[in-house]
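Undergrad: below are the sequence and a predicted model for it; my questions follow.
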Amino acid sequence: MYKFLLIISLLFLAIMPAAKAQTPAQQPPVAWSIAAKMTGTDSGVLTITATPAKGWHLYGTTLPEGGPKPTAIDLSGSTGVTFDGMPEPSSQPLTVDDPLFGMKLTWWDKPVSFTVKFRIADGRPSGRIKAKMTYMACDDNTCAPPATSTLFRNVKRSK
C-alpha cells in the first residue's frame, strides 16, 4: 500500500507543473501606458492612458465615502520636471448606479487618457517622469483589489 501511495504522490507532483503551465496568466483588469511629447524646447505634454479589459470598468477620480477606491495619479516622484496642474481625463466618466456597492458611482468602461503639460526645470538637460496610478476596477460580478501601477518616462530638451 505504501508503494502505491508513493507512486500516486510522485505522479501527482509530476503532473502539477504541466497543469499550472497550461493555465493562462491572469490579465490585469486595467492596462496602463505613458507617453511624453515635447511641444517646445523645454515643454511638453504627458499622456497617461488606462485601458480597461473587456467587461471591466475603472472607477472615477472622485467617489463618495464607503465605495471603491477612486483613481488617483501621483506625479510627485518625478525629477527635473514641473507640471501645470493635475492630469485631466480625455472624457467624463459614466455615472452609474453600481449594484456591487449600492450607490451612484462614476467609471470608465473604455480607454481614457489623462493629460497634463510639463516643463523641464531650468538648467536641466532632461528630467524623469514617475507616474504612480492607484486605482480599483470591477466587472459585473467582482472587484479586483485596489492596485498601483508605476510607469517612468525620460524627457529631454529639444534643440
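TA: Happy to help now that I have it.
Undergrad: how about the helices of the protein, start to end?
TA: Ranges of helices within the chain are 2-22, based on DSSP state H.
Undergrad: tell me where the model's unsure across it.
TA: Residue ranges of the chain with pLDDT under 70: 1-26.
Undergrad: all strands of it, in order?
TA: Taking DSSP state E as the criterion, the chain carries its strands at 30-38, 43-52, 57-59, 72-74, 81-83, 88-89, 94-98, 103-108, 112-120, 126-135, 137-138, 147-156.
Undergrad: now those in CSV, with distance to residue 66 and mean neighbour count?
TA: Bear in mind the C-beta positions are built from the backbone N, C-alpha and C, glycine included. What follows is these, written out as CSV (distance: least, CB to CB, whole Å; neighbours: other CB atoms under 10 Å):
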stretch, distance to residue 66, mean neighbour count
strand 30-38, 22, 16
strand 43-52, 23, 19
strand 57-59, 13, 26
strand 72-74, 17, 16
strand 81-83, 31, 17
strand 88-89, 23, 14
strand 94-98, 12, 13
strand 103-108, 7, 19
strand 112-120, 24, 19
strand 126-135, 18, 18
strand 137-138, 15, 23
strand 147-156, 20, 15
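Undergrad: and residue 65, which of those strands is closest to it?
TA: Closest to residue 65 of those is strand 103-108 (CB to CB; 9.7 Å).
Undergrad: list the neighbouring strands of the closest one plus their orientation.
TA: The pairing partners recorded for strand 103-108 under DSSP bridges are strand 57-59 (antiparallel), strand 94-98 (antiparallel).
Undergrad: what lies in contact with that strand?
TA: 50, 52, 57-60, 62-64, 66-68, 89, 91, 93-98 (CB atoms under 8 Å, 6 or more residues apart in numbering).
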